[in-house]
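*Asks:* task: produce atomic coordinates for the following.
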Amino acid sequence: MATPPAAAPHIAIVYLQPNEEVAGRWTVLRKLGEGGFGAVYMVKDNTTGNEYALKSERTVEITRVLKMEVYVLAALKKAKATHFCDLIDSGHIKDYNFMVMSLVGSTLHDLRKKPLESSKQKFSLGTALSVGIKCVEAIEELHNIGFLHRDLKPGNFATDKKDVRKIVMFDFGMARRYVDSKGGVRKPRWAAGFRGTLRYAPISCHISRELCRKDDLETWLYQQIEITRGLLPWRHLEDKDEVGRFKEKCRAEENHKELFAGCPREYIDIMSYLDTVRYYDTPDYRRLSEAMKQAITAHNLQEYPYDWEKPEWQKLSVLP
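*Replies:* The predicted structure follows:
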């Protein structure tokens, strides 16, 4: 059963045709994908011949998702963050806005679906732990510029197009600034609507509580468990309250096996720590990374090569 879609505003798709030019610089090659976020196209720079990804959004949209994406990527670029796409261009043409960014490779979602043992849909432990460390680094970089992602999931992390060992985070349509103009943490709203994807959403989402930095990390942990063992125990549930109760239930020690079977003990330690972090607290990102490194050492694992670098995996060809 497919993961229930993220709670996102409906976007009117901007349909661009092959060979169509955008802003006199970009030539559309083909559509890469389409969804609630809009459409993404592969485009060519008419000057250099280099290929990039172009996202578009109609100017009549009430909720401007693209504006947030451009703002976040520009801030990350200024901060010299290392786990993100490079923002190349943005602007307005006809009745839509657009942004151009560097291409990504396969997402963790797609890679997990094509493992060496396809029935298990998981990574080897060494790969899962190494990837998890890089995802934490990306989350910290995003938080350092004052933003929460609020929809982290395997489909929003990918390998870099040119470096299969580099992990990049993308899709900031649901991002929210958590700091005020003076750099302090904004006061939480009395109630907040559900944001994110049901399978990975933090407990705060289920109880309409304002999200904070530790909630992105709780979401990351659910993702981490899934890529390590191949599933989350509530994956077939679709009722928001039922999924929330399941996540709460797994906190009890007697129910740990239901969530953490097949995972390193360090994952339980990470969950216990995250549950102590409060709204205004700055999470200890290094503590999470060190726990993952400790698991690599304790299990005598090798980080590289990653699973998708191995000849057996490459034969499966996740994406064209």
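
*Asks:* can you give me the helices in the chain?
*Replies:* Applying DSSP state H to the chain gives helices spanning 65-78, 108-112, 125-144, 203-206, 213-229, 240-249, 256-260, 265-274, 285-298, 311-314.

*Asks:* quick one, which of the ones you listed is packed in tightest?
*Replies:* Of all the helices of the chain, helix 213-229 has the most neighbours on average by mean count of other Cβ atoms under 10 Å, namely a mean of 23. In this view, the C-beta of every residue, glycine as well, is placed from N, C-alpha and C.

*Asks:* could you check the angle it makes with helix 240-249?
*Replies:* Relative orientation of helix 213-229 and helix 240-249, computed by axes from the mean of the first three to the mean of the last three Cα atoms, to 10 degrees: 80 degrees.

*Asks:* a markdown table for the helices of the chain, including mean pLDDT and distance to residue 166?
*Replies:* Converted to a markdown table, these look like this (pLDDT from 0 to 100; distance: least, Cβ to Cβ, whole Å):
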| stretch | mean pLDDT | distance to residue 166 |
| --- | --- | --- |
| helix 65-78 | 94 | 15 |
| helix 108-112 | 93 | 13 |
| helix 125-144 | 98 | 8 |
| helix 203-206 | 96 | 29 |
| helix 213-229 | 98 | 17 |
| helix 240-249 | 98 | 31 |
| helix 256-260 | 97 | 28 |
| helix 265-274 | 98 | 23 |
| helix 285-298 | 98 | 16 |
| helix 311-314 | 74 | 17 |
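
*Asks:* which stretch among those comes nearest residue 30?
*Replies:* In terms of Cβ to Cβ, the element of these nearest to residue 30 is helix 108-112, at 17.6 Å.

*Asks:* OK, contacts around residue 304?
*Replies:* Residues near residue 304 by Cβ atoms under 8 Å, 6 or more residues apart in numbering: 130, 165.

*Asks:* quick one: low-confidence ranges for the stretch 51-200 of the chain?
*Replies:* 61-63, 115-119 (pLDDT under 70).

*Asks:* what sits against residue 70?
*Replies:* 87, 90, 99.

*Asks:* 10 Å - rerun?
*Replies:* Residue 70 sits next to 55, 64, 87, 89, 90, 91, 97, 98, 99, 101, 172 when contact means Cβ atoms under 10 Å, 6 or more residues apart in numbering.

*Asks:* now the third one. Nearest residue, chain neighbours left out?
*Replies:* It refers to residue 87. Distance criterion Cβ to Cβ, 6 or more residues apart in numbering; nearest residue to residue 87, sequence neighbours excluded, is residue 73 at 4.0 Å.

*Asks:* what distance do you get for the one you found to residue 111?
*Replies:* Note on residue 73: its distance to residue 111, by Cβ to Cβ, to the nearest Å, is 23 Å.

*Asks:* cool, residue 184 as well?
*Replies:* 39 Å.

*Asks:* rounded mean pLDDT for the longest strand anywhere in the chain, please.
*Replies:* Secondary structure of the chain per DSSP state E: the longest strand is strand 26-35. Averaged across strand 26-35, pLDDT comes to 92.

*Asks:* list the neighbouring strands of it plus their orientation.
*Replies:* If you go by DSSP bridges, strand 26-35 pairs up with strand 21-22 (antiparallel), strand 38-45 (antiparallel).

*Asks:* contacts for stretch 175-184 next, please.
*Replies:* 65, 68-69, 71-72, 75, 142-143, 145-151, 185-188, 192, 195, 210-213, 216, 279-280.

*Asks:* end-to-end on it?
*Replies:* 17 Å (Cα to Cα, to the nearest Å).

*Asks:* tell me the buried residues in it?
*Replies:* Neighbour counts using 16 or more other Cβ atoms under 10 Å place 175, 176, 178 of stretch 175-184 among the buried residues.

*Asks:* make a markdown table from these and add distance to residue 293 to it.
*Replies:* Shown next, in a markdown table, are the buried residues of stretch 175-184 (distance: Cβ to Cβ, whole Å):
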| residue | distance to residue 293 |
| --- | --- |
| 175 | 28 |
| 176 | 30 |
| 178 | 27 |
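
*Asks:* pick out whichever of the residues you listed sits closest to residue 23.
*Replies:* Nearest to residue 23 among the buried residues of stretch 175-184, with distances taken as Cβ to Cβ, is residue 175, at 24.7 Å.

*Asks:* hey, C-alpha coordinates of stretch 227-244 in CSV?
*Replies:* Output of stretch 227-244 as CSV, limited to C-alpha atoms (Å, rounded to 0.1, in the frame of the first residue of the first chain):
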residue,chain,number,x,y,z
ILE,A,227,15.8,1.9,5.6
THR,A,228,17.4,-0.3,8.2
ARG,A,229,14.8,-3.0,8.7
GLY,A,230,12.6,-2.5,5.6
LEU,A,231,9.4,-1.4,7.2
LEU,A,232,7.6,0.6,9.8
PRO,A,233,5.0,-1.4,11.8
TRP,A,234,2.2,1.1,11.1
ARG,A,235,2.8,1.2,7.4
HIS,A,236,-0.7,-0.2,6.5
LEU,A,237,-2.6,2.2,8.7
GLU,A,238,-4.3,5.2,7.3
ASP,A,239,-6.1,6.8,10.2
LYS,A,240,-4.1,9.7,11.7
ASP,A,241,-5.1,9.1,15.3
GLU,A,242,-4.5,5.3,15.0
VAL,A,243,-1.0,5.9,13.6
GLY,A,244,-0.3,8.4,16.4
